[in-house]
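Chemist: Got a sequence here, can you build the structure:
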Amino acid sequence: MNDGSMLNVIIVEDSIFFADITVRILKRNGLQVNSKVAATSAALRANLCEPNWDIIISDNVMPGFSALDALAVRNDICEKTPFIIVSEDISEKELKEAFNKGCSAYLPKEKIAELPDLIRQILKVTVI
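Modeler: Numbers count the residues shown, from 1 in each chain. Model (predicted):
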């Protein structure tokens, strides 16, 4: 996290409901969250033009857009920003390709409660 207190996260998700659940889970686990939601390549590119994103959380199956597409956008703009796929619908082949292209982690949606700890592990952050 860029200043030690606020987590700046882009959620790549076509379901506003699930994006909201994601933010609520992070906040309930002690993280202060500044978030933006993007469901298209253009929206993700526009959001990534703003500096200081700490992490990107991406669904895999969205209309005309996937986690691999989102990862390609990330790699074009800010390749060092950690990238987590949170999805219930992704193949082993897609996961292997994602990890080969710099994905930081994968979490099935049914294990979304584990996301705050996974983010802390990736960012090496402890919240008191």
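Chemist: Give me the buried positions along whatever helix or strand Gln121 lives in.
Modeler: Of the helices and strands defined by DSSP states H and E, Gln121 is found in helix 115-123. Within helix 115-123, the residues scored as buried using 16 or more other CB atoms under 10 Å are 115-116, 118-120. Just so you know, the C-beta spots here come from the backbone N, C-alpha and C atoms, and that holds for glycine as well.
Chemist: Show me what it is packed up against.
Modeler: helix 16-28, strand 55-58, strand 83-86, strand 105-107 (3 or more CB pairs under 8 Å, 6 or more residues apart in numbering; DSSP states H and E).
Chemist: ok, and for the first one, which residues are buried?
Modeler: So the one you mean is helix 16-28. For helix 16-28, a neighbour-count test (16+ other CB under 10 Å) marks 18-19, 22-23, 25-26 as buried.
Chemist: quick check: angle from the helix or strand that it is followed by to helix 16-28?
Modeler: Sequence-wise, the next helix or strand downstream of helix 16-28 (DSSP H and E) is strand 32-38. For strand 32-38 against helix 16-28, the angle by axes from the mean of the first three to the mean of the last three CA atoms, to 10 degrees is 160 degrees.
Chemist: Note down every partner strand of strand 32-38 and its orientation.
Modeler: The strands that strand 32-38 pairs with in its sheet are strand 6-12 (parallel) (by DSSP bridges).
Chemist: How about residues contacting the helix holding Gln121?
Modeler: Helix 115-123 has contacts (CB atoms under 8 Å, 6 or more residues apart in numbering) with 1, 7, 22, 25-26, 29-31, 54-55, 57, 82, 84, 86, 104-105, 107, 125-127.
Chemist: now do 6 Å
Modeler: With contact meaning CB atoms under 6 Å, 6 or more residues apart in numbering, helix 115-123 is reached by 25-26, 29, 82, 104-105, 107.
Chemist: Counting neighbours, which of those end up buried?
Modeler: For the contacts of helix 115-123, buried by 16+ other CB under 10 Å: 25-26, 82, 104-105, 107.
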